[in-house]
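Visitor: Structure for the following, please:
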Amino acid sequence: SVLRIPIHLCSQWKVKKLVDAEKAELESMATCSKCLKKEQENDTLPMLMCDGCDLEIHLSCAGLDNVPEGDWLCQNCMDVLKARK
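Guide: Model prediction:
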């Protein structure tokens, strides 16, 4: 989102505080590791988080139609798991 606040109506401290809050919100949103799109507030594309490494990926980018039951591991974690066996 874009902040449109006339600078003459806000002190520099308020502007910095608003910008910092906006940056923190953007940074906290998930980013798909495949398509690199940020999660949106009203996103209809479900995101998955790997239970092994916290990688974030859209369900469709992972090649899945539904959220899997139980733990889900990304391909990298699956490769590590297979190599350990």
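
Visitor: if I look at Lys82, how far off is Pro68?
Guide: Distance of Lys82 to Pro68, computed by Cβ to Cβ, to the nearest Å: 18 Å. The C-beta positions use only the backbone N, C-alpha and C, and glycine is treated the same way.

Visitor: which stretches of the protein form helices?
Guide: With DSSP state H, the ranges of helices along the chain come out as 12-28, 75-84.

Visitor: can you list the residues that contact the last one?
Guide: What that stands for is helix 75-84. Residues outside helix 75-84 that contact it (Cβ atoms under 8 Å, 6 or more residues apart in numbering): Cys50, Asp51, Gly52, Cys53, Leu55, Leu73.

Visitor: Using TSV, lay out those residues together with pLDDT, neighbour count and distance to Glu39.
Guide: Output for the contacts of helix 75-84, formatted as TSV (pLDDT from 0 to 100; neighbours: other Cβ atoms under 10 Å; distance: Cβ to Cβ, whole Å):
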residue	pLDDT	neighbour count	distance to Glu39
Cys50	92	19	15
Asp51	92	13	18
Gly52	91	15	20
Cys53	90	12	18
Leu55	91	19	14
Leu73	92	16	20
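
Visitor: Can you lay out these as TSV showing distance to Leu36?
Guide: Formatted as TSV, the contacts of helix 75-84 follow (distance: Cβ to Cβ, whole Å):
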residue	distance to Leu36
Cys50	16
Asp51	22
Gly52	21
Cys53	17
Leu55	13
Leu73	21
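
Visitor: out of Lys82 and Pro68, which sits in the busier spot?
Guide: More crowded of Lys82 and Pro68, by other Cβ atoms under 10 Å: Pro68, with 11 against 8.

Visitor: Quick check: the more buried one vs Asp79, distance?
Guide: For Pro68, the distance to Asp79 - Cβ to Cβ - is 18 Å.

Visitor: low pLDDT regions in this protein?
Guide: Filtered on pLDDT under 70, the chain yields the residue ranges 1-15, 18-28.

Visitor: 80 - rerun?
Guide: 1-29, 39-44, 85 (pLDDT under 80).

Visitor: Identify the residues contacting Thr31.
Guide: Taking Cβ under 8 Å, 6+ apart, one finds Lys37, Lys38, Glu39, Glu56 in contact with Thr31.
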